[in-house]
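> Below are the sequence and a predicted model for it; my questions follow.
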Amino acid sequence: MPTALLALFKAHSRARWRRLQTAFSTPRRTLLSLLVLVLVIVWTGQTVASVLLRNAYDPDVFRRWVAVPLFAWFLWHIVRVAWKRPGTAIEWSDEEAELIVGGPFSVREQLAYRFVVILTATLPKAMLTFLVLLPDLSWCSPIGLILALVGLELFRMVMDIGTCCLNNSNYRRYRVAVVVLIGLLAFACRLPEVPASTGTSTADIVAQARNQQASHYVDSLLQNEIVATFAVPFLWAADVIAAHGTIASLTGKMAVMLVSLAAMAWLITVLESLWRRNTIRHERELWGGPDHVDPAALATATAQHNRTFVLPKIPFCGPLVWRQYRRAMQYRGSLLISMAIPALLLSPSLFSIANPIVAFLLVVSGALFYTFVLLPEAIKFDFRLDSDHLCQLKQLPMTPTRVVLGQLAIPIGMAFVFQATIFVTAGMYRSIDWSLILAATALSLPLTILFVALDNLTFLLYPHRPTQEGFEAFLRTILKFTGKSVLLALFAAAIFVWAPLAANIATGFGLDSPRWVFATGLLVGICGLATAAVGSVISAFRRFDVSLHGIT
């Protein structure tokens, strides 16, 4: 690897260390950092206690359960590129595109840099997995974990570059082949018959039935000829991770894994070269050859490239809303999946619960919980994706209120449409009274505003890049989900306190039912919190100084 790339790695390491030092540069950051350290100690203590106190799994069962997620991740990479072809063969960040791709480095040196990045990102994951599974691992387990995870990352690069090398007709054939493959695997993965469970209590019978079903299902899955053909490399990796076999056999399997990694690295270089040649040939064909440019083709391509888009005349903060809407439409496939999967997971309550009111309320609570915890990460078309454009947002000829409302409009609207669709569908299916459906929909809007505003407030107070990885991102995730858990507990406590108060107020005014008092107070309280949260975001954006709050 060139000296310049090694110097770049050293500069990145020093920058990470300085970033950690800035975590204690101000009182606010110091408080947050100390809170993170406390949470890390608590979570780490629980993890260490669970690792040290639990018994080791059965070696054969552990081996099978290691192979299954590796095989599932392998299939995911195949399906992912069939669902949507990557926009480029190798994904580079903006910084890497400027320093690596735009630097004086050859293609092989750029690929070597990418391989080193994969290795350095895989080592912490492998070590954490080793610590969690410590009672079940042996001397060769860390090597097996590193080789397996690096192999999956290299296979991801192979699939990305390989599908970019395909023309449109061959890519369509590939998608058909993937559909056929998934159909064969789905047929092979049909649920087998499970032997009857025996137990002394209902809980014992249910637990035993679940364990038997899971174990029997995995056994039948790996014994299927179709699945076993694809799963052989992952079974070998599981043998190395679980130390299943003699020293000679484990050494041989590790050698095979190393050769496989070398083969995939060589294949990546070949495919990358093929992709570059195909790209150059396509551009030459587009312009009529290397020595001739068709004036008509040039005029058509230039007109298509330089065509101006007429922005709709939307008042107030319309340009920002339209900008975020256009960005969201670029990810409509992934957005559809992120909303369809929770909708399917919420549907069993509609079929399994006899009481329609209880079933509908479970669907409403599940949708609101998903909107609070996970959905904001999928629809963050707001300040969180504009970490590199905060300076431009501050310079817009708009008031902070208009900027904030324009930035928050699209994620709030998308989440509200998702919730309203689920509520109306569930209510119509179970014949729920429209007043209850409208009440749930009206309650979800201020809650959604509150959830999105809190996420953006956290970002403006502690800005960071959305694509940042590493230990800092891990700590930030722990802090975020812990904070959301605390907020949920406080919200539940507030409801329990308000319920008897609403009953007393209704009794004092001579009302027959405290239902409307409870609902009105709850709605007013949530609207007040949502208004305060949006006002806090406006204040944080007004006080945000790009020169002082560097993006880390």
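Arrived safely. Numbers count the residues shown, from 1 in each chain.

> okay, how far is it across stretch 346-364, tip to tip?
End-to-end distance for stretch 346-364, by Cα to Cα, to the nearest Å: 9 Å.

> Can you give the contact residues for that stretch?
Among residues not part of stretch 346-364, those counted as contacts by Cβ atoms under 8 Å, 6 or more residues apart in numbering are 366-367, 370, 422-423, 426-427, 429-432, 436, 440, 444. All C-beta atoms are positioned from the backbone trio N, CA, C, and that covers glycine.

> okay, among those, which ones form the most distant pair?
Spanning the widest gap among the contacts of stretch 346-364 are 370 and 431, at 24.2 Å by Cβ to Cβ.

> Compare those two and say which one has the larger neighbour count.
Per other Cβ atoms under 10 Å, whichever of residue 370 and residue 431 has more neighbours is residue 370, with 23 against 8.

> mean confidence score for stretch 235-246?
Average pLDDT, stretch 235-246: 84.

> again with stretch 396-409
Across stretch 396-409, the per-residue pLDDT values average to 90.

> Same question for stretch 265-278.
90.

> Identify each buried residue in it, please.
Within stretch 265-278, the residues that count as buried by 16 or more other Cβ atoms under 10 Å are 265, 267, 268, 271, 272, 275.

> Distance from the chain centre to that stretch, please.
Its chain's average C-alpha position is 29 Å from that of stretch 265-278, according to Cα atoms, centre = their mean, to the nearest Å.

> Restricting the selection to alpha carbons, write that stretch to PDB.
Provided in PDB are the C-alpha atoms of stretch 265-278 (Å, rounded to 0.1, in the frame of the first residue of the first chain):
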ATOM      1  CA  ALA A 265     -10.500 -10.400  -3.700                       C
ATOM      2  CA  TRP A 266      -9.000 -11.400  -7.100                       C
ATOM      3  CA  LEU A 267     -12.600 -11.600  -8.600                       C
ATOM      4  CA  ILE A 268     -13.300  -8.100  -7.300                       C
ATOM      5  CA  THR A 269     -10.300  -6.700  -9.200                       C
ATOM      6  CA  VAL A 270     -11.400  -8.500 -12.400                       C
ATOM      7  CA  LEU A 271     -15.000  -7.400 -12.100                       C
ATOM      8  CA  GLU A 272     -14.000  -3.800 -11.300                       C
ATOM      9  CA  SER A 273     -11.800  -3.700 -14.400                       C
ATOM     10  CA  LEU A 274     -14.700  -5.200 -16.500                       C
ATOM     11  CA  TRP A 275     -17.000  -2.600 -15.100                       C
ATOM     12  CA  ARG A 276     -14.700   0.200 -16.000                       C
ATOM     13  CA  ARG A 277     -14.300  -1.100 -19.600                       C
ATOM     14  CA  ASN A 278     -18.100  -1.500 -20.000                       C
END
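
> residues in contact with that stretch?
The contact list for stretch 265-278 (Cβ under 8 Å, 6+ apart) reads 89-90, 107-108, 111, 115, 154, 157-158, 161-162, 164-165.

> which parts of the helix or strand that contains residue 80 are buried?
Applying DSSP states H and E as the criterion places residue 80 in helix 59-83. Across helix 59-83, burial judged by 16+ other Cβ under 10 Å covers 61-68, 70-71, 74, 77-78, 80-82.

> Excluding covalently adjacent residues, which one is nearest to residue 349?
Closest residue in space to residue 349, ignoring its immediate chain neighbours: residue 362 at 4.4 Å, by Cβ to Cβ, 6 or more residues apart in numbering.

> Pull up the per-residue confidence for the one you found.
The model reports residue 362 with a pLDDT of 88.

> what about it, how many residues close to it?
Residue 362, neighbours per other Cβ under 10 Å, totals 18.

> what's the answer for residue 392, then?
Residues contacting residue 392 under the criterion other Cβ under 10 Å number 10.

> how much space between it and residue 398?
Counting by Cβ to Cβ, to the nearest Å, the separation of residue 392 from residue 398 is 11 Å.

> quick one, longest helix in the chain?
Using DSSP state H to define each element, the chain has its longest helix at helix 247-286.

> tell me the contacts of the closest residue to residue 91 other than its chain neighbours?
Excluding its sequence neighbours, the residue lying closest to residue 91 (Cβ to Cβ, 6+ apart) is residue 160, at 7.5 Å. Contact analysis of residue 160 by Cβ under 8 Å, 6+ apart lists 81, 86, 89, 90, 91.

> Check the secondary structure at the fourth one for me.
The local conformation at residue 90, judged by DSSP: H, G, I helix; E, B strand; the rest coil, is coil.

> got the residue ranges for the helices in the stretch 201-350 of the chain?
Using DSSP state H, counting those that start in this stretch, the helices found in the stretch 201-350 of the chain span residues 202-223, 225-242, 247-286, 295-306, 318-329, 332-346, 348-352.

> Same check on the stretch 401-550 of the chain?
For the stretch 401-550 of the chain, applying DSSP H, counting those that start in this stretch gives helices covering 434-461, 471-508, 515-543.

> Distance of the closest residue to residue 533 other than its chain neighbours relative to residue 487?
Nearest residue to residue 533 in three dimensions, chain neighbours excluded: residue 453, at 3.7 Å (Cβ to Cβ, 6+ apart). The spacing between residue 453 and residue 487, counted by Cβ to Cβ, is 12 Å.

> out of the two, which sits in the busier spot?
Neighbour totals were compared for residue 453 and residue 487, and residue 453 leads with 25 against 14 (other Cβ under 10 Å).

> Surely that one is in contact with residue 536?
Yes. Counting by Cβ atoms under 8 Å, residue 453 touches residue 536, with 7.3 Å between them.

> Could you pull up the contacting residues of residue 403?
Going by Cβ under 8 Å, 6+ apart, the list of residues near residue 403 reads 317, 320, 393, 396, 541.

> what about the closest residue to the second one other than its chain neighbours, neighbour count?
The one in question is residue 320. Once flanking residues are discounted, residue 320 sits nearest to residue 406: 2.9 Å by Cβ to Cβ, 6+ apart. Using other Cβ under 10 Å, residue 406 is surrounded by 23 other residues.

> re earlier: would you mind giving the contacts of stretch 346-364 as TSV with pLDDT added?
Formatted as TSV, the contacts of stretch 346-364 follow (pLDDT from 0 to 100):
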residue	pLDDT
366	88
367	88
370	84
422	91
423	92
426	90
427	90
429	87
430	86
431	86
432	88
436	88
440	89
444	90
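
> And these, which is closest to residue 282?
Checking those against residue 282 by Cβ to Cβ gives residue 370 as the nearest, at 42.5 Å.

> separation between the closest one and residue 416?
From residue 370 across to residue 416, the span is 13 Å (Cβ to Cβ).

> again with residue 447
On the measure of Cβ to Cβ, residue 447 and residue 416 end up 10 Å apart.

> repeat for residue 319
Using Cβ to Cβ, residue 319 is found at 21 Å from residue 416.

> buried set for stretch 440-457?
With burial defined by 16+ other Cβ under 10 Å, the residues of stretch 440-457 counted as buried are 440-441, 443-457.

> correct me, but the residue nearest to residue 320 touches residue 321?
Yes. Applying Cβ under 8 Å, one finds residue 406 in contact with residue 321, separated by 5.2 Å.

> circling back: if you look at the contacts of stretch 265-278, which of them are in helices?
Judged by DSSP H, the subset of these located in helices is 107, 108, 111, 115, 154, 157, 158, 161, 162, 164, 165.

> who are the neighbours in contact with the first one?
For residue 107, the contacting residues are 269, 272, 273, 276, taking Cβ under 8 Å, 6+ apart as the criterion.

> Next: residue 345.
Contacts of residue 345 by Cβ under 8 Å, 6+ apart are residue 366.

> so what's it scoring on pLDDT?
Note on residue 345: pLDDT of 81.

> Check the gap between it and residue 356 for me.
Counting by Cβ to Cβ, the gap from residue 345 to residue 356 is 19 Å.
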